[in-house]
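J.: Here is a sequence together with a model predicted from it:
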Amino acid sequence: MAKLTIQDLQRLPKTDLHVHLDGSLRIPTILQLAEEQKVKLPADTAEGLRPFVEVGDDCKSLVEYLRAFDVTLSVMQTYESLVRTAFELAEDAAKENVRYMEVRYSPILHQQKGLTLHAIVQAVLEGLAQAERQYNIKTGVILCGMRHISPDISLRLADLTVAFKNKGVVGFDLAGAEENFPAKRHKDAFGRVLQNNINCTLHAGEAYGPESIHQAIHLCGAHRIGHGVRLIEDGDLLNYVNDHRIPLECCPSSNVQTKAVKKMADHPIRLFYDLGLRVTVNTDNRMVTNTTVSKEFQVIHEELGFNLEEIKEVIIMGFKSAFLPYALKRALLAEVVHELKAFKPGSLESKKEQL
Ligand SMILES: O=c1[nH]cnc2c1ncn2[C@H]1C[C@H](O)[C@@H](CO)O1
Ligand SMILES: [Zn+2]
């Protein structure tokens, strides 16, 4: 199998359907925002801050992984900081040829300084729209309920999702610590979203077993599953997910860090793909996990043996799984399929040398 370089993977058109805004900042931006807002950080240099906002492979659990968000959220409480971080995330993604991205976050976590939920959504949409005008990227927003926060709040966030339907918000999610916080507590929120014909996805099967995925699908109506790693433990449910073409939002590096899998070689994305499941490759948190979509493809190429044809197919599954209206999705897919057919590996540099 010819080895693909990171440049090859950067050149391919891609999606990122599972990326958290509050886990995907630039470290220098955190430092600047903290200075402007007089917020105290655990360190005031990039190198000093890194261990607090990037977790390595020695991270022991999802709960430990989630600690990094206390730092990022401390500087994401103003309208301007939300515009800026949303813009920069879309800019970073566009620069590695992510053509369609769904950014998720939980507005309830950004109210420490009194912003209204409405303004918190507006700010992120403004930052993303600014990036869309400047770069070749389309974006959508997914609002997250949080498992450990009360179901009433999830219902308010579901109403917020309904209020911004067709205005940039494309879906609803449930995030946060999975063990001890079952999705069924939040089923009214999902009911509200579904009754309004809006898409939903839930983090499930990351830090808890297949029962959690079962609840996400059958009690909350999930159209996609975030992570879903532990689907591997229930063949019957796996067949159901496969038969219904329910996409899995796989985030390989994040899964090694949170110990959803012990090591990359054990990641079930290879088996899921071989069984015909609809799998997509995503970052989860560009900063916290220190990754990009291209790096995630490099990992599955080098460690799980996905070749170029298979990577192209996974990319197409990403576009197919987008929470986009069908007509728009078809148009975007047609454009991307055309590019993928014409794609030849070999970095631009080596191509220039051949000329
Ligand atoms: O991988 C994850 N699993 C569960 N929750 C997560 C993950 N990454 C981020 N979050 C949480 C922390 C954020 O504050 C929240 C909203 O983006 O979602
Ligand atoms: Zn996530």
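T.: That came through fine. As the structure is a prediction and not an experimental result, all values here were calculated from the model. Residues are numbered from 1 along each chain as shown. Ligands and ions are numbered 1, 2, ... in the order given.
J.: right, and Glu249 touches Gly226 too?
T.: Yes - using C-beta atoms under 8 Å, Glu249 is in contact with Gly226, at 4.9 Å. Backbone N, C-alpha and C define where each C-beta goes, glycine included.
J.: Distance check, Ile217 against ligand 1.
T.: Distance from Ile217 to ligand 1, counting by C-beta to the nearest ligand atom, to the nearest Å: 17 Å.
J.: Kindly report the same for Gln195.
T.: The gap separating Gln195 from ligand 1 is 24 Å, by C-beta to the nearest ligand atom.
J.: how near is that residue to Glu206?
T.: According to C-beta to C-beta, to the nearest Å, Gln195 stands 27 Å off from Glu206.
J.: Same question for Ala43.
T.: 29 Å.
J.: who has more neighbours, those two?
T.: Between Ala43 and Glu206, counting by other C-beta atoms under 10 Å, Glu206 is the more crowded of the two (26 against 14).
J.: The more buried one: what's it in contact with?
T.: Going by C-beta atoms under 8 Å, 6 or more residues apart in numbering, Glu206 touches Leu62, Glu178, Gly226, His227, Gly228, Val229, Arg230, Asn255, Thr258, Ala260.
J.: Would you mind listing what in this structure touches ligand 1?
T.: Proximity of the chain to ligand 1, by C-beta under 6 Å from any ligand atom, involves residues 20, 22-23, 62, 66, 69, 104-106, 109, 144, 175-176, 203, 206, 254, 284-285.
J.: Return the subset of the residues you listed lying in strands.
T.: His20, Arg104, Tyr105, Cys144, Ala175, His203 (DSSP state E).
J.: Any idea what the fourth one is bridged to?
T.: Per DSSP bridges, residues listed as beta-bridge partners of Cys144: Asp173.
J.: how close does it sit to Val170?
T.: Noted for Cys144: a distance of 13 Å to Val170, by C-beta to C-beta.
J.: higher neighbour count, these two?
T.: Using other C-beta under 10 Å, the more surrounded residue of Cys144 and Val170 is Cys144, with 28 against 22.
J.: Hmm, that one is touching Glu102, no?
T.: No - with contact defined as C-beta under 8 Å, Cys144 does not reach Glu102; the gap is 11.5 Å.
J.: Where does the stretch 51-200 of the chain get nearest to ligand 1, residue-wise?
T.: Taking C-beta to the nearest ligand atom as the measure, the stretch 51-200 of the chain has Ala175 as its residue closest to ligand 1, at 3.4 Å.
J.: OK, contacts around that residue?
T.: The contact partners of Ala175, by C-beta under 8 Å, 6+ apart, come to His20, Arg104, Ser106, Cys144, Gly145, Met146, Arg147, His203, Gly226.
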